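Trainee: Below is the sequence, then the predicted model.
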Amino acid sequence: MSDFHDRARAAEQAMRDVFPATPLQRNALLSDRFGADIWLKREDLSPVRSYKIRGALNAMRKQPDKNLFVCASAGNHAQGVAYMCAHMQVRGVIFMPVTTPQQKIQKTRMFGGDQIEIHLTGDYFDDTLKAAQEWCGDHGGHFLAPFDDADVIEGQASLAVEIEEQLGTTPDHILLPVGGGGMSAGVATWFGDRSHCLFVEPSGGACLRAALAAGHPVMLDHVDTFVDGAAVGRIGEKTFDLLSHVHLSDVMVLSEDRICVTLIEMLNVEGIVLEPAGALAIEAVTDVQSFVRGKTVVCVVSGGNFDFERLPEVKERAQRYSGVKKYFILRLPQRPGALKEFLGILGPDDDIARFEYMKKSARNFGSVLIGIETSRPENFMRLFAHLDDAGFTYTDITNDETLAQFVI
């Protein structure tokens with residue numbers, strides 16, 4: 001293990017030729033809330049607003065004779081590789097899915113400049129990856145894996161070296177977001193049993209939990225790409241080798257809607273812009289607050305590449321998870337005064353966010369899609385009780401994902 005520590009230290013030193021150490025900041029809001037000493041490792045403040053530059057830098061510096069690097073990525077890895085291609089003045093070929101948002105394509109192009117070319121191919125990442133590897137084989141480039149590579153893992157471990165130096169000691173607990181496992185494997189290997197590592201995954205990409213349950217990496221049946229920085233269908237072979245000792249009880253899985261609550265709070269209260277994966281570790285503190293009380297805790301904030309066009313969706317999901325926004329189908333009698341009667345039932349804090357007459361389902365009734373925002377979840381208990389007393393028929397569709405994706 002001492003060899004790994006030496007290589008991680010060397011990687012951390014190499015980072016200093018490119019960018020300063022990212023800040024480790026004590027967060028007063030979270031520390032007061034949970035009665036702990038909570039620190040945020042701000043990887044969102046790296047030159048590419050994520051930790052991915054570390055793995056790219058370390059892997060590329062170990063190939064001094066190569067002048068052509070190839071990768072496949074829809075986000076942060078692409079930006080890290082592009083940045084390093086410009087810094088090292090080497091050529092980079094970056095494959096991205098056709099469905100990649102223009103904002104990410106433009107940022108990748110901005111970081112790489114004339115040193116890179118971008119190929120848009122495939123609707124899904126697996127197709128993009130295959131195309132990149134085939135191109136690499138045909139043209140003799142060096143393929144840069146996003147996580148399942150020993151040099152990448154060592155590079156990501158450089159952030160653990162920084163944490164220990166900045167804190168002056170080892171934290172009692174460290175919370176790590178998990179995608180393909182490169183960063184979490186590197187950090188966990190650096191700290192070993194000196195710190196208690198907790199691993200956090202989105203429910204739509206819980207590949208570490210699936211691998212631990214099976215005893216080997218497995219492909220998930222479905223991946224929800226909302227938490228795009230951690231939405232990986234299969235954990236890496238090399239990363240799992242380093243994480244196979246992890247207890248299932250140390251792996252937390254959070255719903256995508258729940259993560260949105262932290263995104264909104266960090267933006268509105270702390271002024272910190274996070275991407276969904278960057279909020280995983282912070283939100284997970286809630287689940288372990290009983291045993292982190294009085295302890296020193298580090299949350300790795302993995303990235304802040306957030307497309308603000310997603311903000312309405314993030315707010316919507318946060319409100320639904322918090323219980324302050326609901327959607328329901330109301331069967332409204334087709335008689336004079338029926339709508340006025342319904343409006344009179346609303347409380348002073350209830351706002352209509354959506355009102356859409358859908359269709360006439362019967363001669364004397366019409367179906368209406370209604371969205372209500374309120375200040376406290378318990379206000380809906382009062383509203384529904386009054387609707388029941390008034391004889392209105394309604395169906396709450398807030399948590400009906402199949403129906404909601406078509407009508408909300």
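Mentor: Thanks, I have it.
Trainee: shaky segments in the stretch 151-300 of the chain?
Mentor: Within the stretch 151-300 of the chain, no stretch has pLDDT under 70.
Trainee: Just the strands from it, written as ranges.
Mentor: Per DSSP state E, counting those that start in this stretch, the stretch 151-300 of the chain carries strands over the ranges 173-177, 196-202, 251-254, 296-301.
Trainee: Just send the ones you listed back as a markdown table, with distance to Met96 and mean neighbour count too.
Mentor: Yep, even glycine has a C-beta here, placed from its N, CA and C like the rest. Below are those laid out as a markdown table (distance: least, CB to CB, whole Å; neighbours: other CB atoms under 10 Å):
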| stretch | distance to Met96 | mean neighbour count |
| --- | --- | --- |
| strand 173-177 | 22 | 26 |
| strand 196-202 | 21 | 26 |
| strand 251-254 | 27 | 20 |
| strand 296-301 | 24 | 26 |
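Trainee: close enough to count as contact, Tyr303 and Tyr51?
Mentor: You called it Tyr, but residue 303 is Gly. Yes. Counting by CB atoms under 8 Å, Gly303 touches Tyr51, with 6.9 Å between them.
Trainee: separation between Met15 and Val93?
Mentor: Computed as CB to CB, to the nearest Å, the Met15 to Val93 distance reads 24 Å.
Trainee: For Leu175, list each beta-bridge partner.
Mentor: Leu175 has these beta-bridge partners by DSSP bridges: Leu198, Cys299.
Trainee: tell me which element Gln79 is part of?
Mentor: helix 76-88 (DSSP states H and E).
Trainee: Please apply the same query to Cys71.
Mentor: strand 68-72.
Trainee: Assign the residue lying farthest from the centre of the chain to helix, strand or coil.
Mentor: Distance from the centre of the chain peaks at Pro336, with 49.3 Å (CA atoms, centre = their mean). The local conformation at Pro336, judged by DSSP: H, G, I helix; E, B strand; the rest coil, is coil.
Trainee: Could you check how far it is from Ser367?
Mentor: Applying CB to CB, the value for Pro336 to Ser367 is 19 Å.
Trainee: Pro333 reaches Val368, doesn't it?
Mentor: No. Pro333 sits out of contact with Val368 when judged by CB under 8 Å, with a separation of 10.9 Å.
Trainee: can you tell me which helix or strand the residue lying closest to Arg354 once chain neighbours are set aside belongs to?
Mentor: Sequence neighbours aside, Gly371 is the residue nearest to Arg354 in space, at 3.4 Å (criterion: CB to CB, 6 or more residues apart in numbering). Gly371 belongs to strand 365-373 when elements are defined using DSSP H and E.
Trainee: Enumerate every residue touching the residue nearest to Ser244 when sequence neighbours are not counted.
Mentor: Computed as CB to CB, 6+ apart, the closest residue to Ser244 that is not its neighbour in sequence is Leu212, at 7.4 Å. Going by CB atoms under 8 Å, 6 or more residues apart in numbering, Leu212 touches 243-244, 246, 248, 251.
Trainee: Sheet partners, orientation included, of the strand holding Gly371?
Mentor: Sheet pairing for strand 365-373, using DSSP bridges, gives strand 325-333 (antiparallel), strand 351-362 (antiparallel).
Trainee: what's that strand in contact with?
Mentor: Under the contact criterion CB under 8 Å, 6+ apart, strand 365-373 has outside partners 319, 324-334, 346, 350-361, 380, 383, 407-408.
Trainee: Could you list the buried residues of the host helix or strand of Leu311?
Mentor: In this structure, Leu311 sits in helix 311-322 according to DSSP H and E. For helix 311-322, the neighbour count (16 or more other CB atoms under 10 Å) marks 314-321 as buried.
Trainee: what's the answer for stretch 348-356, then?
Mentor: Neighbour counts over stretch 348-356 (16+ other CB under 10 Å) mark Asp350 as buried.
Trainee: Who's the closest spatial neighbour of Ala318, skipping the chain neighbours?
Mentor: Per CB to CB, 6+ apart, closest to Ala318 is Cys260, 3.9 Å.
Trainee: Give the burial count for that neighbour, as a bare number.
Mentor: 26 (other CB atoms under 10 Å).
Trainee: Gln289: neighbouring residues, count only.
Mentor: A count of nearby residues for Gln289, using other CB under 10 Å, gives 14.
Trainee: cool, the one 3 residues further on as well?
Mentor: Counted with other CB under 10 Å, the burial measure for Val292 works out to 21 neighbours.
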